[in-house]
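S.K.: quick one: sequence plus predicted model below, questions after.
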Amino acid sequence: MAHIIAEPCIGTKDAACVEVCPVDCIHPGKGEGDYAGATQLFIDPDTCIDCGLCVDECPVHAIYPQEDLPGEWKQYIQINADFFKNRK
Ligand code: SF4
Ligand code: SF4
């Protein structure tokens, strides 16, 4: 399991969540080359330890534990994972 970033991040993308993640699994951060072109930020499911620290940092409530992700955003599980597959 992992935490998932869903649709509300699109258009906000302020990277507040990146600062609090203890395992640095939220990308791309503002200092990374693919930040400008990214529609949203993503959580690497292979690295996320489900600590939940990022959830309260998000001003638009875009981050959910996978099991609590609202049904209309289930596709974001794959969208988050795919970002890292394409990046590695
Ligand atoms: S739940 Fe914890 S480990 Fe996972 S992305 Fe959020 S801050 Fe990082
Ligand atoms: S804090 Fe929320 S809106 Fe900001 S980048 Fe993270 S998920 Fe996106």
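M.R.: Thanks, I have the structure now. Quantities reported herein were computed from a predicted structural model and do not represent experimental measurements. Ligands and ions are numbered 1, 2, ... in the order given.
S.K.: tell me what the longest helix along the chain is packed against?
M.R.: Assignment by DSSP state H gives helix 75-87 as the longest helix of the chain. With contacts taken as 3 or more CB pairs under 8 Å, 6 or more residues apart in numbering; DSSP states H and E, helix 75-87 sits against strand 3-5, strand 26-27, strand 42-43. No exception for glycine: its C-beta is placed from N, CA and C like everyone else's.
S.K.: so which residues make contact with the second one?
M.R.: Outside of strand 26-27, the residues within contact range by CB atoms under 8 Å, 6 or more residues apart in numbering are 5, 15, 17-18, 34, 41-44, 54, 83-84, 87.
S.K.: highest neighbour count among the residues you listed?
M.R.: L41 (27 neighbours; other CB atoms under 10 Å).
S.K.: distance check, that residue against ligand 2.
M.R.: According to CB to the nearest ligand atom, to the nearest Å, L41 stands 4 Å off from ligand 2.
S.K.: what pLDDT is listed against the spatially most central residue of the chain?
M.R.: The centroid of the chain falls nearest to F42 when counting by CA atoms, centre = their mean (3.1 Å). pLDDT, F42: 98.
S.K.: who's it bridged to?
M.R.: H27 (DSSP bridges).
S.K.: let's have the helices and strands packed on helix 75-87 in TSV, adding distance to ligand 1.
M.R.: Shown next, in TSV, are these (distance: least, CB to the nearest ligand atom, whole Å):
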stretch	distance to ligand 1
strand 3-5	4
strand 26-27	5
strand 42-43	4
